[in-house]
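Colleague: how would this look folded up:
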Amino acid sequence: PYTDLLLHDMGPELDDGYTEGTATTSEWRTTPLWGLGLSGASQGGTGFFLHDGRAHTLNDAIMLHGGEGAQSRGLYQALSETERRELLLFLESL
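Modeller: Sure thing, here's the model as predicted:
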């Protein structure tokens, strides 16, 4: 499923002020990534990513990660353009 199913504090970037269960307003459970490549086709041709659909591309979704996700965002930013394109192609293949 490409997930750890854990809650992660995603920082103020994704804090929406609402709680769910025992999660704080900036905590989100890692969503399984399987089927990610089908999202555009199943959502009318436009992707809606993250808990509230604010990101319309995978790149946007990655760039909005903060808190515990900031390190992963930084590693993504450090990739070459070719490596980022290959990573996005892999994600779209799921």
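Colleague: what separation is there between the residue nearest the centre of the chain and Leu87?
Modeller: Nearest residue to the geometric centre of the chain (Cα atoms, centre = their mean): Ala61, 4.6 Å. To Leu87, Ala61 is 12 Å away according to Cβ to Cβ, to the nearest Å. Any C-beta I mention is one placed from the backbone N, CA and C, and that applies to glycine too.
Colleague: off-centre distance for the lowest-mean-pLDDT helix or strand in the chain?
Modeller: The helix or strand of the chain with the poorest confidence is helix 39-42; it has a mean of 76 (mean pLDDT, DSSP states H and E). Put simply, helix 39-42 sits 16 Å off its chain's centre (Cα atoms, centre = their mean, to the nearest Å).
Colleague: what lies in contact with that helix?
Modeller: With contacts defined as Cβ atoms under 8 Å, 6 or more residues apart in numbering, helix 39-42 is touched by Thr46, Gly47, Phe48, Phe49.
Colleague: what's the nearest residue to the third one if we skip its chain neighbours?
Modeller: I take that to be Phe48. His56 (6.7 Å; Cβ to Cβ, 6 or more residues apart in numbering).
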